[in-house]
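Student: here is my input; please provide its structure:
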Amino acid sequence: MARVCQVTGKKPITGHHVSFSNIKTNRRFLPNLQKKRFFLAEEDKWISLKVSADGLRTINKRGLYAVVKELRAAGQAI
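Tutor: Alright, predicted model coming up:
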């Protein structure tokens, strides 16, 4: 499964490990993803989303139904 937040679209990014001797080797920075179940009261059912911590804050701020409606408008199956 891809490591992509369904709400914010955050993906892994690349960077460097930097050693004490300043040798740089490639590495990946992964987003803080959690698989979370939410109860969608308007439809009276549970949905599962793979969201980042930032995505959880977005859901708390704007509301679950508004976020799900926007995701469906973008063509994502939920």
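Student: return the distance of stretch 55-75 from the chain's centre.
Tutor: Taking the mean C-alpha point of stretch 55-75 and that of its whole chain, the gap between them comes to 11 Å (CA atoms, centre = their mean, to the nearest Å).
Student: endpoints of that stretch, how far apart?
Tutor: For stretch 55-75, the separation between the terminal residues is 18 Å (CA to CA, to the nearest Å).
Student: tell me the secondary structure for the residue located most distally from the centre of the chain?
Tutor: Residue distances from the centre of the chain (CA atoms, centre = their mean) peak at Ser21, which lies 35.1 Å from the mean C-alpha position. In the three-state summary, Ser21 is assigned as coil, counting by DSSP: H, G, I helix; E, B strand; the rest coil.
Student: state the pLDDT value of it.
Tutor: The model reports Ser21 with a pLDDT of 98.
Student: what do you get for Ile78?
Tutor: Ile78 carries a pLDDT value of 86.
Student: burial of Gln34, as a residue count?
Tutor: Per other CB atoms under 10 Å, the neighbour tally for Gln34 reads 13. Glycine gets a C-beta too; all of them are placed from N, C-alpha and C.
Student: which of the helices or strands spans the residue nearest to it when sequence neighbours are not counted?
Tutor: Counting by CB to CB, 6 or more residues apart in numbering, the nearest residue to Gln34 once its immediate chain neighbours are dropped is Val51, at 6.2 Å. Val51 is part of strand 45-52, with elements assigned from DSSP states H and E.
Student: swap in Tyr65?
Tutor: helix 64-73.
Student: so who does the residue nearest to Gln34 touch?
Tutor: 5-8, 33-34, 36, 59 (CB atoms under 8 Å, 6 or more residues apart in numbering).
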